[in-house]
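Chemist: below: sequence and its predicted model.
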Amino acid sequence: MLKPQKQLKTDKLTTAQDKDQMDQTEITLNEEKEEQTVVVAINRVTKVVKGGKRFSFAALVVVGNGNGTVGVGLGKSNEVQSAIQKGTSEAKKSQITFPVLDSTIPHEIEGHFGAGHVWMKPAMKGTGLKAGGGIRAVLEAAGVKNLLTKNLGAHNAFNTVYATFDALKRLKTQEEIRKIRGEK
């Protein structure tokens, strides 16, 4: 049998001013996008020891807010879930912000990491995200919607994701480039 729950008594009437404040907080909460976490790859690693084999896991995780901020992390553990948690916390620590213009990047760029080599080119609105595998995961988490990409190096998910991250780190706006060159 369920026990009857105590009901809270609210004698206060909310004024119009309180309602306005509540509406404003709802609007600011809706404007902030929730962080999106994507597990790109999980590797099972085997170590042969005297008594047999030991298994551990490595998880590659991408975290982004969908508005030009993205991070990549690698977590290693004896269990999959804890590897994902470690990767997520590392990805949050390594987050970077890059310029996004009309849901694309400001200029063409290439990224390198190990044998991974990624080429990215801005695209017109309506083109969509032409990317696959790890590149797509990073760009979707970052909020890029129109972009052309090509994986020119190794097809290893880890190197591809880190090469994409390298390219996004090096993106600059026109104003930043002018400032570096000393132009007005």
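Modeler: Happy to help now that I have it.
Chemist: skipping adjacent residues, who's closest to the residue positioned nearest the centre of the chain in space?
Modeler: The centre of the chain sits closest to G64, judged by Cα atoms, centre = their mean, with a distance of 2.6 Å. For G64, ignoring the flanking residues on the chain, the nearest one in space by Cβ to Cβ, 6 or more residues apart in numbering is A141 at 2.9 Å. Using the backbone N, CA and C atoms, a C-beta is placed for each residue, glycine as well.
Chemist: outside of the helix or strand where the one you found lies itself, list whatever touches it.
Modeler: Assigned by DSSP states H and E, A141 belongs to helix 133-142. Contacts with helix 133-142, where a contact means Cβ atoms under 8 Å, 6 or more residues apart in numbering, come from 36-38, 40-41, 60, 62-64, 66, 68-70, 72, 98, 100, 118, 129, 131, 147, 149, 151, 155, 157-158, 160-161, 164-165, 168.
Chemist: what about the strands in the chain?
Modeler: Using DSSP state E, the strands found in the chain span residues 36-49, 52-64, 69-77, 96-97, 109-113, 116-122, 129-130, 147-151.
Chemist: which elements pack onto the fifth one?
Modeler: By that I understand strand 109-113. strand 116-122, helix 157-169 (3 or more Cβ pairs under 8 Å, 6 or more residues apart in numbering; DSSP states H and E).
Chemist: okay if I get these as a markdown table plus mean neighbour count, mean pLDDT and distance to G87?
Modeler: Formatted as a markdown table, those follow (neighbours: other Cβ atoms under 10 Å; pLDDT from 0 to 100; distance: least, Cβ to Cβ, whole Å):
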| stretch | mean neighbour count | mean pLDDT | distance to G87 |
| --- | --- | --- | --- |
| strand 116-122 | 21 | 95 | 18 |
| helix 157-169 | 23 | 95 | 11 |
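Chemist: closest to K47 out of these?
Modeler: In terms of Cβ to Cβ, the element of the helices and strands packed on strand 109-113 nearest to K47 is helix 157-169, at 18.7 Å.
Chemist: what is the closest one packed up against?
Modeler: Against helix 157-169 (3+ Cβ pairs under 8 Å, 6+ apart) you get strand 36-49, strand 52-64, strand 69-77, strand 96-97, strand 109-113, strand 116-122, helix 133-142.
Chemist: return the most buried member of those.
Modeler: helix 133-142 (a mean of 24; mean count of other Cβ atoms under 10 Å).
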